[in-house]
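A.B. asks: My questions are about this predicted structure, shown below with the sequence.
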Amino acid sequence: MALDPLTPVIIGVGQAVQHIDDLDEALDPTRLMCSAIGNATTDAALRSIPNPQSIRIVSLLSWKHGDPGYLIAQQLGLTPAETVITTMGGQSPQSLVNAAAAEIQAGRLDLAILAGGEARRTRVRARKAEIPLHWPTAPDGRTPRIMGDDIALNHPTELDRGVMLPVQIYPLFETAIRAAAGRRPDDHVKRISELWARFSDVAAENPFAWSRQARTAEEIRTPSAGNRMIGLPYTKYMNSNNDVDMAGAVIICSASKAEALGVARDRWVFVHAGTDCHEHQYVSNRWSFADTPAIEVGGRLALELAGCNIDDVALVDLYSCFPSAVQLGAQSLGLSLDRQLTRTGGLSFAGGPWNNYVMHAIATMVGDLRAKPGELGLVWANGGYVTKHSFGIYSTEPPASGFRHDHPQAEIDALPRRELADAAEAAGPATIEAYTVMHSRDGEPETAIATCLLADGRRAWGMSTEPGLAAAMCDGEWVGRGVELTDAGVLLDR
């Protein structure tokens with residue numbers, strides 16, 4: 001059967017990793033992205049960078065460029081009809097692929113360059129040394145088109161309590177997952193450290209990983225001077241590492257454009273299907289901290305649109321900022337933790353450049369699929385607190401029915417949610433549902449954070465900075481334990 005000329009296809013992928021100590025030589029994020037785009041051009045075996053209709057950039061945090069796509073176009077001598085920047089969120093790279101694929105298939109887009117990059121390591125080092133960086137910004141009046149779902153992630157009560165950081169919230173998921181599985185804390189931390197050791201092994205073999213040092217499960221789970229406890233039960237090695245300088249790029253176009261450019265068919269990787277959706281907006285209103293129904297709904301639909309099931313997928317990359325994210329993703333998608341769930345090594349080891357990790361996952365997946373022609377690959381991207389999800393199904397074989405995409409949000413919005421009680425209403429007895437203990441930089445238990453369930457099924461937040469309780473909650477299982485909440489939301493042991 002003849003291939004539809006509007007079939008979207010990835011023809012080139014590129015990655016760039018910068019380990020430079022000289023601040024004068026270090027590239028800013030836009031130049032890092034230019035390097036990745038150059039590598040994507042080489043990957044496609046093209047002599048020069050093809051002029052895109054659109055340059056689409058994942059929103060970055062290490063520098064305010066204004067319109068990074070404009071700066072990239074100027075540096076590379078390109079003349080796109082538009083430049084785009086996403087809203088915040090780690091789902092953005094896959095969402096950009098889904099949007100570009102849909103526009104290409106509809107005949108509204110011929111070729112786009114997707115890129116993202118961060119230079120946080122250089123920025124932090126310059127700030128500590130009090131050395132100004134003269135990185136570029138776009139001229140006043142340059143405004144890129146904004147793409148993406150810009151939903152607020154934090155309930156006002158969460159903000160009032162100071163609970164807003166991923167390092168605080170992902171450990172809550174972890175203790176809920178552990179309790180739902182009925183595992184002892186020691187057994188569970190051994191299990192997740194073994195999972196992370198397998199990720200570390202992948203990173204050690206990945207030439208574009210930030211850290212290529214394989215670490216054992218015992219190293220990962222054991223607190224040490226270089227691996228302090230951050231939010232129980234996570235040591236530093238179990239947290240995403242955003243102290244990196246990295247960039248990634250994807251060149252995507254129509255099949256007819258790929259042929260016109262002369263890109264060999266063995267470089268083509270097709271996007272079969274994609275979905276985009278999100279959980280209930282605030283973690284305070286999720287029904288449970290131990291499951292993620294939007295991943296289940298969105299992932300199942302992506303597979304259905306691609307005409308396959310999870311057992312047909314040979315290669316998988318799950319978003320991996322913390323172990324709880326991987327477990328929730330695998331559980332919702334029907335994947336065993338025993339199979340290989342990362343192509344890069346994950347955000348702790350391969351690197352977590354804020355919103356752009358998944359650009360690296362897609363680039364790596366493309367290379368892996370070329371090495372395994374005909375196989376299917378699945379990428380799951382996540383933003384927020386396992387909040388925003390984007391899925392992509394890829395293969396070197398073209399899709400039978402063209403690229404297919406959907407947003408199953410209405411189905412997810414209809415799922416049960418919990419009401420949040422304010423501190424005054426929640427005063428009295430409660431049961432811990434999920435918890436963590438944040439540690440000081442010296443490794444001492446400092447602040448206990450818990451979500452609690454009330455007798456009427458509502459949720460309430462409880463916190464304590466009492467050293468004795470914070471230390472006590474580091475021992476044994478506290479999920480399911482009865483506690484008291486004061487009318488100020490202070491957590492007290494019964």
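C.D. replies: The structure has been received and is ready for your questions.

A.B. asks: OK, contacts around C253?
C.D. replies: Neighbour list for C253: 8-9, 11, 50, 104, 110-112, 261 [criterion: C-beta atoms under 8 Å, 6 or more residues apart in numbering]. To be clear about C-beta, it is placed using only N, CA and C from the backbone, and glycine gets the same treatment.

A.B. asks: Of those - the most surrounded one?
C.D. replies: Greatest neighbour count in the contacts of C253, by other C-beta atoms under 10 Å, goes to P8: 29 neighbours.

A.B. asks: Could you tell me how many residues sit around D149?
C.D. replies: D149, neighbours per other C-beta under 10 Å, totals 20.

A.B. asks: One more: G162?
C.D. replies: Under the neighbour criterion other C-beta under 10 Å, G162 is assigned a count of 11.

A.B. asks: for it, phi and psi?
C.D. replies: phi 80, psi 20 (degrees, to the nearest 10).

A.B. asks: so where is this structure shaky, pLDDT-wise?
C.D. replies: 1 (pLDDT under 70).

A.B. asks: most residues in a single helix of it, which one?
C.D. replies: The single longest helix within the chain, with elements called by DSSP state H, is helix 185-205.

A.B. asks: helices or strands up against the next helix or strand after it?
C.D. replies: The first helix or strand that comes after helix 185-205 along the chain, using DSSP states H and E, is helix 217-221. Helix 217-221 is packed against helix 185-205, with contacts defined by 3 or more C-beta pairs under 8 Å, 6 or more residues apart in numbering; DSSP states H and E.

A.B. asks: Buried residues in the helix it packs on, which are they?
C.D. replies: 185, 188-189, 191-204 (16 or more other C-beta atoms under 10 Å).

A.B. asks: Tell me the gap between that helix and the middle of its chain.
C.D. replies: The chain centroid and the centroid of helix 185-205 are separated by 18 Å, computed with C-alpha atoms, centre = their mean, to the nearest Å.

A.B. asks: contacts for that helix?
C.D. replies: 174, 178, 181, 183, 209-221, 233, 237-238, 320, 323, 326-327, 337, 340-346, 348-350, 476-477.

A.B. asks: So which of the contacts of C253 belong to strands?
C.D. replies: Members of the contacts of C253 lying in strands (criterion: DSSP state E): 8-9, 11, 111-112.

A.B. asks: now the strands for the stretch 1-150 of the chain?
C.D. replies: 8-17, 54-57, 82-86, 111-119, 145-147 (DSSP state E, counting those that start in this stretch).

A.B. asks: Now the longest helix of the chain - C-alpha only, PDB.
C.D. replies: Below are the C-alpha coordinates for helix 185-205, written out as PDB (Å, rounded to 0.1, in the frame of the first residue of the first chain):
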ATOM      1  CA  PRO A 185       9.600  -0.200  54.600                       C
ATOM      2  CA  ASP A 186      13.000  -1.900  54.500                       C
ATOM      3  CA  ASP A 187      11.800  -4.400  51.900                       C
ATOM      4  CA  HIS A 188      10.300  -1.600  49.800                       C
ATOM      5  CA  VAL A 189      13.300   0.600  49.800                       C
ATOM      6  CA  LYS A 190      15.400  -2.400  48.800                       C
ATOM      7  CA  ARG A 191      13.000  -3.000  45.900                       C
ATOM      8  CA  ILE A 192      13.200   0.600  44.600                       C
ATOM      9  CA  SER A 193      16.900   0.900  45.000                       C
ATOM     10  CA  GLU A 194      17.300  -2.200  42.800                       C
ATOM     11  CA  LEU A 195      15.000  -0.600  40.200                       C
ATOM     12  CA  TRP A 196      17.200   2.500  40.300                       C
ATOM     13  CA  ALA A 197      20.300   0.500  40.000                       C
ATOM     14  CA  ARG A 198      19.000  -1.000  36.800                       C
ATOM     15  CA  PHE A 199      18.400   2.500  35.500                       C
ATOM     16  CA  SER A 200      21.900   3.500  36.500                       C
ATOM     17  CA  ASP A 201      23.200   0.500  34.500                       C
ATOM     18  CA  VAL A 202      21.400   1.900  31.400                       C
ATOM     19  CA  ALA A 203      22.800   5.400  31.900                       C
ATOM     20  CA  ALA A 204      26.300   3.900  32.200                       C
ATOM     21  CA  GLU A 205      26.000   2.600  28.600                       C
END
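
A.B. asks: Could I get the contacting residues of N355?
C.D. replies: Counting by C-beta under 8 Å, 6+ apart, N355 has contacts 58-61, 86, 88-90, 92-93, 116, 383.

A.B. asks: What about it? Give its phi and psi, please.
C.D. replies: phi -80, psi 0.

A.B. asks: for the closest residue to I104 other than its chain neighbours, what are its contacts?
C.D. replies: Computed as C-beta to C-beta, 6 or more residues apart in numbering, the closest residue to I104 that is not its neighbour in sequence is P8, at 4.1 Å. Neighbour list for P8: 100-102, 104-105, 252-255, 270-271, 403 [criterion: C-beta under 8 Å, 6+ apart].

A.B. asks: A361 too?
C.D. replies: Neighbours of A361 in contact, by C-beta under 8 Å, 6+ apart: 93, 317, 343-344, 379, 381.

A.B. asks: chain center to the strand or helix carrying G248, what's the gap?
C.D. replies: For G248, the element it lies in under DSSP H and E is strand 245-254. From the chain centre to the centre of strand 245-254 is a distance of 16 Å (C-alpha atoms, centre = their mean).

A.B. asks: now do stretch 109-116
C.D. replies: Relative to where its chain is centred, stretch 109-116 has its mean C-alpha point 20 Å off (C-alpha atoms, centre = their mean).

A.B. asks: Can you name the residues in contact with that stretch?
C.D. replies: 33, 36-37, 40, 49-58, 60, 72, 78, 80, 92-93, 96-97, 100, 103-104, 247-254, 257, 353, 355-356, 359.

A.B. asks: now with 6 Å?
C.D. replies: Residues from elsewhere that reach stretch 109-116 (C-beta atoms under 6 Å, 6 or more residues apart in numbering): 33, 37, 50, 52-58, 96, 100, 103, 249-254, 257, 356, 359.

A.B. asks: Compute the first-to-last residue distance for stretch 205-224.
C.D. replies: Distance between the boundary residues of stretch 205-224 (C-alpha to C-alpha, to the nearest Å) amounts to 25 Å.

A.B. asks: typed the wrong thing, it's stretch 263-280
C.D. replies: Span of stretch 263-280 from end to end, C-alpha to C-alpha: 43 Å.

A.B. asks: got the contact list for S440?
C.D. replies: By C-beta under 6 Å, 6+ apart, the contact set of S440 is E446.

A.B. asks: the residue most distant from the middle of this protein, which is it?
C.D. replies: R494 (38.3 Å; C-alpha atoms, centre = their mean).

A.B. asks: Please tell me how far it sits from T79.
C.D. replies: R494 sits 68 Å away from T79, taking C-beta to C-beta, to the nearest Å as the criterion.

A.B. asks: How about A472?
C.D. replies: In terms of C-beta to C-beta, A472 sits 64 Å off from T79.

A.B. asks: Which stretches in the stretch 1-150 of the chain count as helices?
C.D. replies: 29-43, 68-76, 92-105, 120-128 (DSSP state H, counting those that start in this stretch).

A.B. asks: Save those helices as JSON lines, and put in distance to G298 too.
C.D. replies: Shown next, in JSON lines, are those (distance: least, C-beta to C-beta, whole Å):
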{"stretch": "helix 29-43", "distance to G298": "27"}
{"stretch": "helix 68-76", "distance to G298": "28"}
{"stretch": "helix 92-105", "distance to G298": "11"}
{"stretch": "helix 120-128", "distance to G298": "29"}
